[in-house]
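A.B. asks: need a structure here:
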Amino acid sequence: MTPLEQFLHRAEGLLARVEAVLPPAPREPDFKRAFAFRWRRRATGGGCYLQPVLHASTIRFEDLQHVEAQKAQIEQNTRQFVARRPANNVLLTGARGTGKSSLIKACLNGFADQGLRLIEVDKADLADLPDIVDLVAARPERFVIFCDDLSFEEGEAGYKALKVALDGSIATQSDNVLIYATSNRRHLMPEKMSDNTGYGHGDDGELHPGEAVEEKISLSERFGLWLSFYPFRQDDYLGIVAHWLASFGCTPEQIEAARGAALQWALARGSRSGRVAWQFAKDYAGKLADAADRA
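C.D. replies: Numbering: from 1, shown residues only. Below is the predicted model of the structure:
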């Protein structure tokens, strides 16, 4: 063999060994069988893919209590979307544990049979949004890209990537993709007192200080529909507790007897949120079932 032939032979052997240790390239997911997906980055070999979620949340619209106005708006927006009518990207902001993420999951369960699909994307992967949109743009299904607990610090790359995906690219937005995001911050970025000091007229002050503030709120304004969530009142919290206890098979008498324990549970956690109500209901109903088994 000539030196060149020897080199090519060794190169082929090396490539074969490398291919052997790389994971197989994932196939395009079956959008007819799975309704929810996660955008995943491969640990080895690079590249990203859509991972089907085999056991997606089963929460329904009727499970979400005391957020009737927000529920009606996002349900109507999603209905328009799956019917191929104009619809908006949605930003859900406000108090923690009040059902923001659950409401988006309920949209999937409410409209999956009409072609809705959900793709969950971590904040760290927002730069991949153009690739995700290109991947599903030709599909007949309707896709909601779900970004949970979204917030940014100064200079994060995902901030501008999301701005471009929402409204800032030379390419038109794909007709079959919307972005639904949740955040505890209405404007998605920290707002500081120093933003206001820019309005001073010192020698080195910014000539156009309002522009710095405008930059911070420009991302949230790209969402066409804003839904705000607020802390629950005590009666609302107890109503949510009652709903979940009933779903676990508790009787009306058991639900009434649980009121005091539910309030103590919320007091210990410093919150009367829907999440806290759900956690209490699981604990209380589980203890009742365990006591019944022991009796």
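A.B. asks: Now stretch 65-84: buried residues?
C.D. replies: Within stretch 65-84, the residues scored as buried using 16 or more other CB atoms under 10 Å are 65-67, 70-71, 73-75, 77-79, 81-82. C-beta here means a position set from N, CA and C on the backbone, and glycine is covered the same way.
A.B. asks: what two of those residues are the furthest from one another?
C.D. replies: Comparing all pairs in the buried residues of stretch 65-84 by CB to CB, the longest separation belongs to H66 and V82, at 25.9 Å.
A.B. asks: for stretch 237-251, what is the average pLDDT?
C.D. replies: Average pLDDT, stretch 237-251: 95.
A.B. asks: do stretch 180-193 as well
C.D. replies: On average, the pLDDT along stretch 180-193 is 67.
A.B. asks: what do you get for stretch 111-126?
C.D. replies: Mean per-residue pLDDT for stretch 111-126: 92.
A.B. asks: Stretch 67-82 now?
C.D. replies: Rounded mean pLDDT across stretch 67-82 is 96.
A.B. asks: Pull it out as CSV, backbone CA atoms only.
C.D. replies: The C-alpha trace of stretch 67-82 is given here as CSV (Å, rounded to 0.1, in the frame of the first residue of the first chain):
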residue,chain,number,x,y,z
VAL,A,67,-58.2,32.3,38.0
GLU,A,68,-61.3,32.4,35.9
ALA,A,69,-60.5,35.5,33.9
GLN,A,70,-57.0,34.3,33.0
LYS,A,71,-58.3,30.9,32.2
ALA,A,72,-60.9,32.3,29.8
GLN,A,73,-58.4,34.5,28.0
ILE,A,74,-55.8,31.9,27.4
GLU,A,75,-58.4,29.3,26.4
GLN,A,76,-59.9,31.6,23.9
ASN,A,77,-56.5,32.5,22.5
THR,A,78,-55.5,28.9,22.1
ARG,A,79,-58.9,28.0,20.5
GLN,A,80,-58.2,30.7,17.9
PHE,A,81,-54.7,29.3,17.3
VAL,A,82,-55.8,25.7,16.8
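A.B. asks: List the contacts of that stretch.
C.D. replies: 61, 64, 86-88, 90, 92, 98-99, 103-104, 106-107, 110-111, 114-116, 142, 144, 178, 180, 225, 227-229 (CB atoms under 8 Å, 6 or more residues apart in numbering).
A.B. asks: Can I have the buried ones of these as a PyMOL selection?
C.D. replies: Buried residues within the contacts of stretch 67-82, by 16+ other CB under 10 Å, are selected in PyMOL with:
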select buried, resi 61+64+87+88+90+92+98+99+103+104+106+107+110+111+115+116+142+144+178+180+225+227+229
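A.B. asks: Show me the contacts of stretch 67-82 that map onto helices.
C.D. replies: Using DSSP state H, the subset of the contacts of stretch 67-82 located in helices is 103-104, 106-107, 110-111.
A.B. asks: Beta-bridge partners for F37, please?
C.D. replies: Beta-bridge partners recorded for F37 (DSSP bridges): P52, I119.
A.B. asks: L129 versus that one, what's the distance?
C.D. replies: Per CB to CB, to the nearest Å, F37 is found 14 Å from L129.
A.B. asks: Could I get the full set of strands for the protein?
C.D. replies: 36-41, 48-52, 90-94, 116-120, 142-147, 177-183, 225-229 (DSSP state E).
A.B. asks: Need those strands in JSON lines (columns: distance to L238).
C.D. replies: Putting the strands of the chain into JSON lines (distance: least, CB to CB, whole Å) gives the following:
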{"stretch": "strand 36-41", "distance to L238": "32"}
{"stretch": "strand 48-52", "distance to L238": "38"}
{"stretch": "strand 90-94", "distance to L238": "20"}
{"stretch": "strand 116-120", "distance to L238": "31"}
{"stretch": "strand 142-147", "distance to L238": "30"}
{"stretch": "strand 177-183", "distance to L238": "25"}
{"stretch": "strand 225-229", "distance to L238": "18"}
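A.B. asks: Out of those strands, the one nearest R294 is which?
C.D. replies: The nearest among the strands of the chain, by CB to CB, is strand 36-41 at 38.2 Å.
A.B. asks: right, and the strands of the chain - which one's nearest W278?
C.D. replies: Across the strands of the chain, W278 has its closest neighbour in strand 225-229 (15.3 Å, CB to CB).
A.B. asks: That closest one - which strands sit beside it in the sheet, and in what orientation?
C.D. replies: Here, using DSSP bridges, strand 225-229 pairs with strand 90-94 (parallel).
A.B. asks: Touching the strand it pairs with from outside, list them.
C.D. replies: 70, 74, 77, 100, 103-104, 178-186, 188, 220, 223-230.
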